[in-house]
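A.B. asks: Give me coordinates for this.
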Amino acid sequence: QVQLVESGGDNVQAGGSLRLSCAASTKMLRDYTMGWYRQARGKQREGVATITYSRVTQYTDFVRGRFTISRDDGRKTVYLQMNSLTPDDTAPYYCNAKKVLGARTENWGQGTQVTVSS
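C.D. replies: Numbering: from 1, shown residues only. So this is what the prediction gives:
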């Protein structure tokens, strides 16, 4: 099991930027595909972005061009740079780790709140 701790959520004005961080308690972050998800009030949890060990990234349409996911395996940390934020981006954001080598496991963080005001 890997523990994930998110940070960086805040209240910002529309058009602003935030950088979320996810610290992972694992010796081998390279074994995991990492991702960010969010769950707006009244909606299902939805994927935002994922990044593999080889730095292949995927983004959902509503953030492509505005958000950037990255990872630093040495620091065991995954980042989500969010620019041009809109009120529709308001949600708790969750870090996800899917193990792709060895036993397949999946872990979630507790979430960090992003609130964008107009």
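A.B. asks: For the chain, which segments count as strands?
C.D. replies: Shown for the chain, the strands assigned by DSSP state E span residues 4-7, 11-13, 18-24, 32-38, 46-51, 57-59, 67-72, 77-82, 91-99, 106-108, 112-117.
A.B. asks: mind listing what's buried in the fifth one?
C.D. replies: Burial within strand 46-51, assessed by neighbour count using 16 or more other CB atoms under 10 Å, is assigned to Val48, Ala49, Thr50, Ile51. C-betas here are computed from N, CA, C, even on glycine.
A.B. asks: Pairing partners for that strand, with directions?
C.D. replies: When pairs are called by DSSP bridges, strand 46-51 turns out to pair with strand 32-38 (antiparallel), strand 57-59 (antiparallel).
A.B. asks: Quick check: beta-bridge partners of the most centrally placed residue in the chain?
C.D. replies: The centroid of the chain falls nearest to Trp36 when counting by CA atoms, centre = their mean (2.6 Å). Beta bridges link Trp36 to Ala49, Cys95, judged by DSSP bridges.
A.B. asks: Just to check, it is in contact with Ala97?
C.D. replies: No. Between Trp36 and Ala97 there is no contact under CB atoms under 8 Å: 11.0 Å.
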